[in-house]
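K.L.:
got a predicted structure here, sequence first:
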Amino acid sequence: MCEALREGHKRELAAHEARGGRKKDLNKLNHDTSDWFAKIPGLTSEIELLAWKHRTEAPFIIAETVPSDVDGSEILVDVLTRETWEHLLDSIAMGK
């Protein structure tokens, strides 16, 4: 999983640089985004609860929203179990 995340970051950085962006700007954007999510009341608790509830399934928890969401009211939280994320990684590796 860690290797897949590293590869995803490399692809994200390459695409960002191809659009003329700088690595430090992408890192700042990612940091600012993490800070924004951390300020949403209850979000960390919800994620921790989901992690605990699905702990035996090696969960990958996704929290996402749209850029226009200024107050966190549109955040969607989803859980991918190990079975699901392994299937996704296998599909990506096979080019599907």
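P.N.:
Right, received. Where do you want to start? The structure displayed is predicted, hence computed values, not measured ones. Residues are numbered from 1 along each chain as shown.

K.L.:
list the contacts of the closest residue to Glu64 other than its chain neighbours.
P.N.:
Of all residues not flanking Glu64 in the chain, Leu76 sits nearest, at 5.6 Å (C-beta to C-beta, 6 or more residues apart in numbering). Bear in mind the C-beta positions are built from the backbone N, C-alpha and C, glycine included. Applying C-beta atoms under 8 Å, 6 or more residues apart in numbering to Leu76 gives the contacts 62-65.

K.L.:
mind doing that once more with 10 Å?
P.N.:
Taking C-beta atoms under 10 Å, 6 or more residues apart in numbering, we find Leu76 in contact with 62-66, 69.

K.L.:
what do you get for Phe60?
P.N.:
When the contact criterion is C-beta under 10 Å, 6+ apart, the partners of Phe60 are 1, 4-5, 51, 54, 78-82, 84-86, 88.

K.L.:
related to what we said a few turns ago, please tell me the pLDDT value assigned to the residue nearest to Glu64.
P.N.:
Here the pLDDT value assigned to Leu76 is 93.
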